[in-house]
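1. with the input below, show me the fold.
(one chain, ligands or ions: 1)
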Amino acid sequence: MPIAFTKMQGLGNDFVVINAMNAPVSLDAEQIRALADRRFGVGCDQVLWVEPPVDPSRAQFRYRIFNADGGEVEQCGNGARCFARFIHEQGLCDQRCITVETLAGLIELILEEDGQVTVNMGLPRFEPSEIPFKAAKRDALYSLNISSEEQVSVGAVSMGNPHAVLQVNSVDTAEVARLGAAIESHSDFPRRVNVGFMQIIDREHIRLRVFERGVGETLACGTGACAAVVIGRQQGLLDERVTVTLPGGQLVIKWNEDEQEPVWMTGPAQTVFTGEIEL
Ligand SMILES: N[C@H](CCC[C@H](N)C(=O)O)C(=O)O
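-> Numbering: from 1, shown residues only. Predicted coordinates for the structure are as follows:
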């Protein structure tokens, strides 16, 4: 039976988005991998679908997220912006402010007048058990053993999904492929981890590359941008509003450093094409 989909992208982080509001979608990990395959399928970093909320009194939709490796995950920032645009383009909702359920809890999506989308990404979580990360106690920076001869210093935080952030002198020369792969599957991250490489330009601007859990390096990572700003801000290196320049473009992240206050992300979301595929 053919599956109708919409191909979307947020700063080059790309998605296959499916409307499961009227008919449930059930794709196993192998089918997700087939859909995400850039040679034999449609090709994307993540597969997203919209379905009815579990609790309609708290949210209008449920937002499901699957990495290209087939694993379901808790949160996806660039995907959330595309999700908001998709809901409107599908005529599922005409409100500018939408609350959706994710595995990480509720997030709020706001379609701006200028076509950008702002997302309340929720609270950052720093306790090792919440990330999850094997550390005796919470710290601003952790030393991670890559090998018997190599250690790296990382900040660790959950944006609903786990992130490790390294500060580097230059994202252009950072060993994203080697260190990203080594840290993504490091045993101290029992559910693996997204790995951000952050170059601080000044207190209001960083450059960032992200090796994503379950995908590899992507052109942009919304939760990764939030995680990097939160870690940089916690170390007193960044101000409340930061422009994050990723290989695919720019996001604006705001966080006032109160751990009971959410992180806000603003950026673009575009539809590329629609189609059908038999899996
Ligand atoms: N790879 C991430 C999910 C997608 C995150 C990223 N595409 C974003 O925009 O936040 C994870 O396994 O937690």
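
2. how close does the nearest residue in space to Val42 that is not next to it in sequence get to Ala68?
-> Spatial nearest neighbour of Val42, excluding adjacent residues (CB to CB, 6 or more residues apart in numbering): Val16 at 5.2 Å. All C-beta spots, glycine's among them, are computed from the backbone N, C-alpha and C. Per CB to CB, to the nearest Å, Val16 is found 10 Å from Ala68.

3. and for Phe86?
-> 19 Å.

4. got the residues of the protein near the ligand?
-> For the chain, the residues in contact with the ligand (CB under 6 Å from any ligand atom) are 13, 45-46, 67, 73, 76-79, 161, 194, 212-215, 218, 221-223.

5. quick check on these: which are buried?
-> Neighbour-count burial (16 or more other CB atoms under 10 Å) applied to these gives 13, 45-46, 67, 73, 76-79, 161, 194, 212-215, 218, 221-223.

6. ok, back up a step: list the residues that contact the residue nearest to Val42.
-> Applying CB atoms under 8 Å, 6 or more residues apart in numbering to Val16 gives the contacts Phe5, Thr6, Lys7, Leu35, Ala36, Val42, Cys44, Gln46, Val47, Leu48.

7. any chance of these in CSV, with pLDDT too?
-> CSV is the format used below for those (pLDDT from 0 to 100):
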residue, pLDDT
Phe5, 98
Thr6, 98
Lys7, 98
Leu35, 97
Ala36, 98
Val42, 98
Cys44, 98
Gln46, 98
Val47, 98
Leu48, 98
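
8. what's the most distant pair in those residues?
-> Thr6 and Ala36 (14.6 Å; CB to CB).

9. who has more neighbours, those two?
-> Neighbours were tallied for Thr6 and for Ala36 using other CB atoms under 10 Å; the higher tally belongs to Ala36 (25 against 20).

10. was I right about that one contacting Glu30?
-> No. Contact criterion CB atoms under 8 Å: Ala36 and Glu30 do not qualify, at 10.9 Å.

11. between the two, which contacts overlap?
-> Joint contacts of Ala36 and Glu30 (CB under 8 Å, 6+ apart) are Gly70.

12. and the closest residue to Asp55 other than its chain neighbours, what is it in contact with?
-> The shortest distance from Asp55 to any non-neighbouring residue, by CB to CB, 6+ apart, is to Glu101 (7.1 Å). By CB under 8 Å, 6+ apart, the residues touching Glu101 are Pro53, Val54, Asp55, Arg58, Ala59, Phe61, Arg62, Tyr63.

13. flag every buried residue along the helix or strand harbouring Glu101.
-> Using DSSP states H and E, Glu101 maps to strand 97-102. Neighbour counts over strand 97-102 (16+ other CB under 10 Å) mark Ile98, Val100, Glu101, Thr102 as buried.

14. would you mind putting those residues into CSV with pLDDT alongside?
-> Below are the buried residues of strand 97-102 laid out as CSV (pLDDT from 0 to 100):
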residue, pLDDT
Ile98, 96
Val100, 97
Glu101, 97
Thr102, 97
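
15. what's the closest of those residues to the ligand?
-> Taking CB to the nearest ligand atom as the measure, Thr102 is the one of those closest to the ligand, at 10.7 Å.
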